[in-house]
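Undergrad: just the structure for this:
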Amino acid sequence: MKQSFTYYLTLLVIKLKGLKKNFSKDPIDFKRIRKEDVYHPKGRFFKQHITKRFKVLDSEVTEIKKENTPNKLLLFVHGGAFISGPGQHHWDTIKVIAKQTDYTIWMCNYPKAPEYNISEISNNIDAIYIKALEEYKSSHIVLIGDSVGGTLITALTQRLISIKKQLPNKVILVSPVMDATMSNPDIEKVDTIDPMISKKGILSAKKMCAGTIDLKNQMISPIYGSFEQFPDTILFLGELDITYPDQKLAVDILKAAQVNIKIIEGKNMPHIWPFLPIMKEAKLSLNQIIEELNTKT
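TA: Numbering: from 1, shown residues only. Sure, this is the predicted structure:
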């Protein structure tokens with residue numbers, strides 16, 4: 001499939017912004033990367049549809065809701081290498097989803113490394129889900145996360161299964177980071193062509209978040225946990241992404257566990273491609289996410 005003009009324009013913008021350079025440092029400069037964070041989005045849409053903000057432990061949850069929205073919830077756990085976020089692209093994505101579905105959306109701005117470690121971050125994600133269960137039926141909850149947001153909701157689902165807690169209806173993973181060790185030898189090959197992130201910086205961020213915890217702990221590397229009894233799972237993965245090799249391994253594990261999984265593989269696509277602005281291919285993939293949300297199961 002031939003890539004669109006907006007695809008090449010997006011790659012140019014990524015290059016000019018120096019994202020690869022920022023994510024190629026060890027130690028990673030988390031303060032510099034955080035300068036792109038957006039905690040409270042501007043614009044008429046959000047002014048009209050942000051209904052409340054509330055705290056859950058050390059997290060701030062922003063609720064986006066339209067009038068007469070049915071009792072369905074999309075828990076949105078953003079990416080950012082555990083050290084940053086949410087970014088403007090997350091809010092832009094939420095805006096599109098909110099307009100085209102009938103879900104209430106909770107944007108989960110969880111605490112970040114290095115101030116917090118993966119145990120503390122995971123406790124926050126667990127607490128947000130428990131809060132969601134107080135207000136919504138589990139069958140009316142969908143989890144979505146990009147990059148380490150995908151890591152967090154995958155690990156959350158594993159914990160919910162282990163303690164026999166009610167599971168969400170669906171899990172939507174956008175370029176999830178499945179293995180924090182970055183030890184897959186195929187990553188080295190992809191690193192040379194990935195336009196956005198690099199093994200060196202991502203591994204630095206993972207170590208920053210893990211602290212004294214083993215990088216193979218399933219809280220931060222869910223590929224080492226069980227995928228038995230997972231709910232319906234939709235996985236978006238892109239070929240020009242250093243997290244792609246581990247996602248391919250996760251696909252095999254999910255299939256072996258007989259999980260109902262749908263795989264959307266982006267040819268020549270970079271990390272978190274469905275959430276990237278401008279790009280035609282991103283808009284098409286985001287439409288697929290919206291279709292999944294609008295499909296009754």
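Undergrad: now the helices: where do they sit in this structure?
TA: With helices called from DSSP state H, the chain shows them at 5-17, 19-22, 30-33, 44-49, 88-100, 118-135, 148-162, 186-191, 199-210, 244-256, 280-294.
Undergrad: where are the low-confidence patches of the stretch 1-150 of the chain?
TA: For the stretch 1-150 of the chain, the stretches with pLDDT under 70 are 1.
Undergrad: follow-up on the earlier one: for the helices of the chain, which one ends up most surrounded?
TA: Ranked by mean neighbour count under mean count of other C-beta atoms under 10 Å, the helices of the chain are led by helix 148-162, which reaches a mean of 24. (Each C-beta comes from the backbone N, C-alpha and C, glycine too.)
Undergrad: that older thread, between the helices of the chain, which one is nearest to Val56?
TA: Within the helices of the chain, the stretch nearest Val56 is helix 118-135; the backing value is 4.9 Å (C-beta to C-beta).
Undergrad: what would the helices of the chain look like in CSV with distance to Tyr110?
TA: Below are the helices of the chain laid out as CSV (distance: least, C-beta to C-beta, whole Å):
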stretch, distance to Tyr110
helix 5-17, 24
helix 19-22, 21
helix 30-33, 15
helix 44-49, 20
helix 88-100, 13
helix 118-135, 5
helix 148-162, 7
helix 186-191, 26
helix 199-210, 11
helix 244-256, 22
helix 280-294, 21
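Undergrad: grab the nearest non-local neighbour of Glu228.
TA: Distance criterion C-beta to C-beta, 6 or more residues apart in numbering; nearest residue to Glu228, sequence neighbours excluded, is Ala257 at 4.9 Å.
Undergrad: contact partners for the one you found?
TA: Counting by C-beta atoms under 8 Å, 6 or more residues apart in numbering, Ala257 makes contact with 226-230.
Undergrad: returning to that earlier point: of the helices of the chain, give the one that comes closest to Leu75.
TA: Of all these, helix 118-135 comes closest under C-beta to C-beta, at 6.1 Å.
Undergrad: show me what that closest one packs onto, helices and strands only.
TA: strand 50-56, strand 59-64, strand 73-77, strand 104-109, strand 141-146, helix 148-162, helix 199-210 (3 or more C-beta pairs under 8 Å, 6 or more residues apart in numbering; DSSP states H and E).
Undergrad: now the ones you listed in TSV, with distance to Pro222?
TA: Formatted as TSV, those follow (distance: least, C-beta to C-beta, whole Å):
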stretch	distance to Pro222
strand 50-56	22
strand 59-64	20
strand 73-77	13
strand 104-109	17
strand 141-146	11
helix 148-162	4
helix 199-210	13
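Undergrad: for Phe275, find the nearest of those.
TA: strand 141-146 (5.7 Å).
Undergrad: which residues does the closest one contact?
TA: Here strand 141-146 has contacts from 72-79, 90, 103, 129, 132-133, 151-154, 156-157, 168-176, 272, 274-275, 289, 293, using C-beta under 8 Å, 6+ apart.
Undergrad: just stretch 238-253 next, same as before
TA: With C-beta under 8 Å, 6+ apart, stretch 238-253 has contacts from 147, 175-179, 182, 184, 186-187, 190-191, 193-199, 202, 222-223, 227, 235, 237, 261, 263, 265-271, 273.
Undergrad: could you dump that stretch to PDB, C-alpha only?
TA: This file holds the C-alpha atoms of stretch 238-253, laid out as PDB (Å, rounded to 0.1, in the frame of the first residue of the first chain):
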ATOM      1  CA  GLY A 238       3.400  -0.700  13.400                       C
ATOM      2  CA  GLU A 239       6.400  -2.000  11.500                       C
ATOM      3  CA  LEU A 240       8.700   1.000  12.100                       C
ATOM      4  CA  ASP A 241       8.400   0.800  15.900                       C
ATOM      5  CA  ILE A 242      11.000  -0.700  18.200                       C
ATOM      6  CA  THR A 243       8.200  -2.100  20.300                       C
ATOM      7  CA  TYR A 244       6.900  -4.100  17.300                       C
ATOM      8  CA  PRO A 245       9.100  -7.200  17.800                       C
ATOM      9  CA  ASP A 246       7.700  -7.800  21.300                       C
ATOM     10  CA  GLN A 247       4.200  -7.100  20.200                       C
ATOM     11  CA  LYS A 248       4.500  -9.900  17.600                       C
ATOM     12  CA  LEU A 249       5.600 -12.200  20.500                       C
ATOM     13  CA  ALA A 250       2.600 -11.000  22.500                       C
ATOM     14  CA  VAL A 251       0.300 -11.800  19.600                       C
ATOM     15  CA  ASP A 252       1.500 -15.400  19.600                       C
ATOM     16  CA  ILE A 253       1.000 -15.700  23.300                       C
END
